[in-house]
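Engineer: dropping the sequence and predicted coords here.
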Amino acid sequence: MSVPRSRRFAHAACMSVIALLYVLSVPWYRDSDAPLRLWLGLPDWVAVALLCYVGVAFVNAIAWILTDVHDDLPDDVADGVSDDVADALNVAAGDAGERR
Amino acid sequence: MNFGVWGVTSLVFYLGGLLVVAEIAKRAKRDASPADHFLAGRSLGTFVLFLTLYATAYSGNSLLGYPGRAYRDGFSFIMATGFMMSIIVMFHVIVPRLRPLAVRHHFVTPGDYLRIRFAGRWAGPLRLAVACLMSLALANFLLAQLKAMGDVASVVTDGRISYPAGVIGLALVILFYETRGGMRAVAWTDAAQGIVMLVGLSALLGWLLAEAGGLAEITRSVASRRPAAVSVPSATVCINWFSTIALMGLASILYPQAIQRIFAAESGKALKRSFSGMTFMPLATTLVVTLIGVAAIARFDITNAVDTDEVVPMLLHDWGSDGGFSTGAALLVFLGALSAIMSTADSCLLSLGSLLSRDLLGREGSAEADTRLGKRLAAVMLIGTIPFALWRDLTLWRLIELKMELLIQCVPAFLIALHWSRLRAGPVFAGIVVGTVFSAGLSLAGVARIEGVHVGVVGCALNVAVATLGSLLPADRETGASVASPSPVNTQ
């Protein structure tokens, strides 16, 4: 059930684009004395922020499509690829059961 | 018949409908276990899950608090669209790892994850600390909804329902249908409420745009009335913008009721599809309420900050008083707003019940008695919160910030713990204490921000430093080396 490298890369790329859009959405690079200019009926810095957020929405939707949300622990834990993690989980689950 | 009378009539019909839904949901129950009452038997499909996530995320805060803040700050509150979207981005960090664990170990509350994840002598105090923080945040959230319900009911009905009567009466209705129907009633009513809210808000913005002659006209009117509301924000406001995105993005995914919806989904696929859709909802909701708040600058002159939370009810009253189609549309928005507020309040109440009984009192069983205890505790909390709601001195936005500053202190216990198996209970507990004392102490001293950064965000940074550096130190085996963050394969 391991995830193909290309998909992992695409997901990471989506997250990077989202981070970049967030940085651009905040008008820290604009002069606060700049005169009012309207774009799409809004002050231009508001329109830029809004377009960034529209971009975030689309890229994030793609990122969710690329994400696998399993209903059980992935096979490679059970298969022993991450034995230490799986063992620790089983110990924890056992301890929790005893405490109950 | 004037708008106030229509308001009372529609409210009575709406509340009657809610009670019928609660009764049907009660009959649909499979058993009396906590999993069935608090998580609807883990059966929520994509459609209902999406709408319940939507109706829960967009609450009285969004519908009254956000326009109020937009009215006070102007266009810089466009940041709200960004921070609401950041919540759905941040869910990538926890959902793929938490969901399989939740299914395997039958989690009901967030504390169930901590029980599995941490061992050793500090695991108990850590669970207790997280449960306390989450319960306080939920109580705060519930308080905000009660205040919002009172505001909407009193303004829209022209004072025929007074603010205290609105708070108390609507709280009792929520208590009734949540206790009868549990998560099923909450999810079903959320679904209906989500649709009404979406349609209603769009109609209200449409009316405002038509009245003003378009968005550009609104912007020009606001600019002439209050130039600061349209000007490029200062450096401090920009820093606060980044800080708010971090605060809301990190803290909102730790809402107990949001985490419980991860557990309540019928499948991982349903969750993934719901989040794909949810990412667009800030554009349809937060953006709309922000523009409504900004447009109100050109219509009203409100000087008292607390009164700005009434911007939407005041607009509805003006709109509804036009008669004819306007009255009908304004009533639809009124019911949409009220339903959004009530849906969030009922979700809070449901989560509070489970959190108090399981995580604080340690009743982890699956018996009917545990469900009953949860319901009773929730009722006590609701009744205990009502007097605070009648005391009106804080804006809804300040309540949101206070809640988030508490919740964000749980970041290491979930976000880092899910990804880093070396994280141990002792340092996480120490981090929570340091972060909470720092941010709560400064908040109580009247310091809300440091150079534009929320004190909760600074506290969280300290908290993370203590938790991670402490976990890197050699551990005494008897104190319980940490166990299990789940598989790293699914993070993408």
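Structural biologist: Nice, thanks for sending it over.

Engineer: what sits against B:Q409?
Structural biologist: B:133, B:431-432, B:435-436, B:439, B:456, B:459-460, B:463 (CB atoms under 8 Å, 6 or more residues apart in numbering or on different chains). Heads up, the C-betas are built off the backbone N, CA and C, glycines and all.

Engineer: pull the number of nearby residues for the residue nearest to A:S25 when sequence neighbours are not counted.
Structural biologist: Nearest non-adjacent residue to A:S25, counting by CB to CB, 6 or more residues apart in numbering or on different chains: A:C52, 3.7 Å away. By the criterion of other CB atoms under 10 Å in any protein chain shown, A:C52 has 22 neighbours.

Engineer: pLDDT wise, what is A:C52 at?
Structural biologist: Note on A:C52: pLDDT of 98.

Engineer: any idea how far B:F388 is from B:V167?
Structural biologist: 10 Å (CB to CB, to the nearest Å).

Engineer: the residue nearest to A:S25 sits in which helix or strand?
Structural biologist: Taking DSSP states H and E as the definition, one finds A:C52 inside helix A:44-66.

Engineer: can you pull the buried residues of that helix?
Structural biologist: With burial defined by 16 or more other CB atoms under 10 Å in any protein chain shown, the residues of helix A:44-66 counted as buried are A:44-50, A:52-57, A:59-64, A:66.

Engineer: B:F438 and B:V458 touch, don't they?
Structural biologist: Yes. Counting by CB atoms under 8 Å, B:F438 does reach B:V458; the two are 7.0 Å apart.

Engineer: quick check: closest non-adjacent residue to B:S162.
Structural biologist: In space, B:S162 is closest to B:S154, 5.8 Å off (CB to CB, 6+ apart).

Engineer: show me what contacts the one you found?
Structural biologist: Per CB under 8 Å, 6+ apart, neighbours of B:S154: B:161-163, B:165-166, B:313.

Engineer: any idea which of those residues is closest to chain A?
Structural biologist: Chain A has its nearest neighbour among the contacts of B:S154 in B:P313, at 25.4 Å by CB to the nearest CB.

Engineer: which residues touch the residue nearest to the closest one when sequence neighbours are not counted?
Structural biologist: What sits nearest to B:P313 in space, not counting adjacent residues and going by CB to CB, 6+ apart, is B:V155, at 3.4 Å. Neighbouring residues of B:V155 by CB under 8 Å, 6+ apart: B:310, B:313-314, B:316-317.

Engineer: just the ones of these in helices?
Structural biologist: Using DSSP state H, the members of the contacts of B:V155 that fall in helices are B:313-314, B:316-317.

Engineer: would you list these in TSV and tack on neighbour count?
Structural biologist: What follows is the ones in helices among the contacts of B:V155, written out as TSV (neighbours: other CB atoms under 10 Å in any protein chain shown):
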residue	neighbour count
B:P313	25
B:M314	18
B:L316	25
B:H317	19
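
Engineer: farthest pair within these?
Structural biologist: B:M314 and B:L316 (7.3 Å; CB to CB).

Engineer: tell me the SS of the closest residue to B:M278 other than its chain neighbours?
Structural biologist: What sits nearest to B:M278 in space, not counting adjacent residues and going by CB to CB, 6+ apart, is B:I88, at 5.1 Å. Under DSSP: H, G, I helix; E, B strand; the rest coil, the three-state class of B:I88 is helix.

Engineer: B:I88 and B:K272, how far apart?
Structural biologist: From B:I88 to B:K272 the distance is 12 Å (CB to CB).

Engineer: of these two, which one has the most company?
Structural biologist: B:I88 (28 against 20).

Engineer: which parts of chain A are helices?
Structural biologist: Going by DSSP H, chain A shows helices at A:5-25, A:44-66, A:75-78, A:83-99.

Engineer: go on, the stretch 101-250 of chain B?
Structural biologist: For the stretch 101-250 of chain B, helices defined by DSSP state H, counting those that start in this stretch occupy the ranges B:110-117, B:123-156, B:163-212, B:215-225, B:235-252.

Engineer: redo those helices as CSV? Include distance to B:L444.
Structural biologist: Formatted as CSV, the helices of the stretch 101-250 of chain B follow (distance: least, CB to CB, whole Å):
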stretch, distance to B:L444
helix B:110-117, 26
helix B:123-156, 14
helix B:163-212, 26
helix B:215-225, 36
helix B:235-252, 18
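
Engineer: these: lowest mean pLDDT?
Structural biologist: The weakest mean pLDDT among the helices of the stretch 101-250 of chain B belongs to helix B:163-212, with a mean of 78.

Engineer: is it anywhere near chain A?
Structural biologist: No. Helix B:163-212 stays clear of chain A (CB under 8 Å from any CB of the partner chain), getting no nearer than 9.2 Å.

Engineer: now the helices for the stretch 301-450 of chain B?
Structural biologist: So, for the stretch 301-450 of chain B - with DSSP H, counting those that start in this stretch - the helices run B:311-320, B:325-354, B:368-389, B:396-407, B:411, B:425-444.

Engineer: for the longest one, buried residues please.
Structural biologist: By neighbour count, and taking 16+ other CB under 10 Å as the criterion, the buried residues in helix B:325-354 are B:326-327, B:329-354.

Engineer: tell me the mean pLDDT over that helix?
Structural biologist: For helix B:325-354, mean pLDDT rounds to 78.

Engineer: swap in the first one?
Structural biologist: Taken as a whole, helix B:311-320 has an average pLDDT of 82.

Engineer: now do the fifth one
Structural biologist: Here the mean pLDDT over helix B:411 is 94, rounded to a whole number.

Engineer: for it, name the packing helices and strands.
Structural biologist: In terms of contacts (3 or more CB pairs under 8 Å, 6 or more residues apart in numbering or on different chains; DSSP states H and E), helix B:411 is packed against helix B:455-472.
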